[in-house]
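Visitor: I'll drop the sequence and a predicted model, then ask my questions.
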Amino acid sequence: MTISFDQAVRILLVDDKPTNLKVLSDTLKGHGWTMLVATDGVAAIEQAQYAQPSLILLDVMMPGIDGFETCQRLKAHANTQAIPVIFMTALSDTEHKVRGLEMGAVDYITKPFQQKEVIARVKLHLNLKFLAQELEEKNGFLTQEMAEKTAAESRLQQLAQELERKVAQRTAELSDSLEHLQQTQLQLVQNEKMSALGNLVAGVAHELNNPIGFLQSNLEPLQDYINDLFGLVKLYAKTFPNPGPELTERITAIELDFLEQDLPKIVSSWTIGIKRIETISNSLRTFSREDKEHKVLFNVHDGLNSTLLILKHRLKANRTRPAIQVRTHYQTIPEIECFAGQLNQVFMNLLANAIDTLDDISNTLSFEALQTRPNVITISTGLATEDESIVIKIEDNGAGIDEALQSRIFDHLFTTKAVGRGTGLGLTIARQIVVDKHGGSINVKSTLGQGTCFTVILPVKAKKA
Ligand SMILES: Nc1ncnc2c1ncn2[C@@H]1O[C@H](COP(=O)(O)OP(=O)(O)OP(=O)(O)O)[C@@H](O)[C@H]1O
Ligand SMILES: [Mg+2]
């Protein structure tokens, strides 16, 4: 590669002998280079520092500091250490040549000077110097480019991280909203279901009230009228001891004596029947209690009984199985502060699930087999050992739940039932009511093929939300 040297090329010639300086200047002029001269080492260093020559031709033997010392000082100074130095030494002086090179000189020129050799060596080292400069510049560019690239990469990485963080945040927000939406939907469906059922039940209870009222209020007069009529019949018999064949025949036909004994029994069984209808009506009202705003004191046994009453039609015997037996073991428990209507909803969901599983296994067993192993739902209540809570257990001897599924049964929309038979909301809602609304707990214990027991624990005193 050839370098075109411009005007800026300066060569510093250092020699104590003016004749030598003259010879060198004459040799090198005509190439467009500027010649600088110094006649001792100290002056040379000073000039080198401010004039920044492209090359220094340095004599070894000088008074004051010699060429080696001068070179050493030039190399020790940051400002001058990169300037190439060519020693000038006697032809035979090998020791000087080696020492000069060791001091950091790039080359040497032998005296007496050979013009062509001097020019060639100077050109070579100027060339090398400019190549080195160019390389350094390019290296500088490259380093800068690399730094810019690294900065860009790290910015990119930052942006990617930022993006990732934003995506994660947005995803979390979305899944929160989704969960919230699901909860709201769940609540809506359930509210709708329960309020429809509640309205129906409350309506029926209300409609029953009037007929119960007039049946009850007429019972006493009815009893009185019957007594009056029989009194009158007795008086007739006493006044007319021989009523004649037609009346005698009629008295025998209607079995007047039996009628007199049986009629009061019928009336008293009516009284019992009407009382029972009244109990049912009260139960229906208990079931459909409206208590959306405030918790009220509630007898859990009333809730369980009224729910059983609502489900009575499903407990009865049918074509595939005998009636499901319901065994209650109620202990004395205090009334608890709760949303009564909602608790009934929990009992309803748990009992409906128990009936579902008993229906399922009944389809796989014969009627006779079911008579020897009856379907049973056991409901027990009692006080919890820890703090002031009550425990309600609802147990069935149905199919049981596979252990792998037990952790999922409370999940939203988890069901193993056919479409139309189950939505997978029952237990989710039960847990929400027990845990979120009442600060209680609900757990399941189940053995496949043996049955399932749900345990609900509820605080007696309402917990502050
Ligand atoms: N007593 C039980 N015996 C056996 N499996 C049960 C019992 N209770 C619940 N399960 C299982 O848990 C699942 C979820 O019950 P959950 O009450 O939440 O929904 P579902 O009964 O399927 O439908 P829904 O109650 O909404 O009509 C049921 O599908 C069933 O597989
Ligand atoms: Mg259910």
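Guide: On my side now, so go ahead. What you are looking at is a predicted structure, and each value in this text was computed from that prediction instead of being measured. Residues are numbered from 1 along each chain as shown. Ligands and ions are numbered 1, 2, ... in the order given.
Visitor: the lengthiest helix in the chain near ligand 2 at all?
Guide: Ranked by number of residues, the top helix in the chain under DSSP state H is helix 115-239. No: using Cβ under 5 Å from the ion, helix 115-239 stays clear of ligand 2, coming no nearer than 11.5 Å. (Each C-beta comes from the backbone N, C-alpha and C, glycine too.)
Visitor: who are the packing partners of that helix?
Guide: In terms of contacts (3 or more Cβ pairs under 8 Å, 6 or more residues apart in numbering; DSSP states H and E), helix 115-239 is packed against helix 18-28, strand 55-59, strand 85-90, strand 107-111, helix 256-287, helix 340-362, helix 426-431.
Visitor: off-centre distance for stretch 205-223?
Guide: On the basis of Cα atoms, centre = their mean, to the nearest Å, stretch 205-223 sits 59 Å off its chain's mean C-alpha point.
Visitor: surely Ala462 touches Glu337?
Guide: Yes: between Ala462 and Glu337 there is a contact under Cβ atoms under 8 Å: 3.9 Å.
Visitor: quick check: neighbours shared by the two?
Guide: Residues within reach of Ala462 and of Glu337 at once, by Cβ atoms under 8 Å, 6 or more residues apart in numbering, are Lys295.
Visitor: excluding chain neighbours, what is closest to Val326?
Guide: Spatially, and ignoring its direct neighbours in sequence, Val326 is nearest to Ile377 (5.1 Å; Cβ to Cβ, 6 or more residues apart in numbering).
Visitor: so what's that neighbour up against?
Guide: Contacts of Ile377 by Cβ under 8 Å, 6+ apart are 315, 324-327, 351, 354-355, 358, 394-396.
Visitor: can I have the buried ones of the residues you listed as a PyMOL selection?
Guide: Selection of buried members from those for PyMOL, criterion 16 or more other Cβ atoms under 10 Å:
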select buried, resi 315+324+326+351+354+355+358+394+395+396
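Visitor: can you list the contacts of Ile377 in a markdown table and add distance to ligand 1?
Guide: Below are the contacts of Ile377 laid out as a markdown table (distance: Cβ to the nearest ligand atom, whole Å):
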| residue | distance to ligand 1 |
| --- | --- |
| Leu315 | 15 |
| Ile324 | 12 |
| Gln325 | 16 |
| Val326 | 14 |
| Arg327 | 16 |
| Leu351 | 9 |
| Ala354 | 5 |
| Ile355 | 9 |
| Leu358 | 9 |
| Ile394 | 8 |
| Glu395 | 9 |
| Asp396 | 5 |
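Visitor: close to ligand 2: what parts of this structure are there?
Guide: Residues of the chain lying near ligand 2 (Cβ under 5 Å from the ion): 353, 426.
Visitor: do you know the pLDDT at Asp387?
Guide: On pLDDT, Asp387 comes in at 68.
Visitor: when you give positions from now on, start the count at 53
Guide: Sure, I'll start numbering at 53, so the last one becomes Asp439.
Visitor: mind showing which ranges of the stretch 353-502 of the chain have poor pLDDT?
Guide: Scanning the stretch 353-502 of the chain for pLDDT under 70 picks out 439.
Visitor: all helices of it, in order?
Guide: Shown for the stretch 353-502 of the chain, the helices assigned by DSSP state H, counting those that start in this stretch span residues 364-367, 392-414, 419-424, 455-458, 478-483.
Visitor: helix/strand/coil for the residue lying farthest from the centre of the chain?
Guide: What lies farthest from the middle of the chain is Asn294; by Cα atoms, centre = their mean that is 97.1 Å. Three-state call for Asn294 (DSSP: H, G, I helix; E, B strand; the rest coil): coil.
Visitor: so for the longest helix of the chain, mean pLDDT?
Guide: If you average the pLDDT over helix 167-291, you get 89.
Visitor: the next helix-or-strand element following that helix vs helix 308-339, what angle?
Guide: Counting by DSSP states H and E, the next helix or strand C-terminal to helix 167-291 is helix 297-305. Angle, helix 297-305 to helix 308-339, by axes from the mean of the first three to the mean of the last three Cα atoms, to 10 degrees: 40 degrees.
Visitor: quick one on the thing from earlier: how far away is the residue farthest from the centre of the chain from Thr300?
Guide: From Asn294 across to Thr300, the span is 9 Å (Cβ to Cβ, to the nearest Å).
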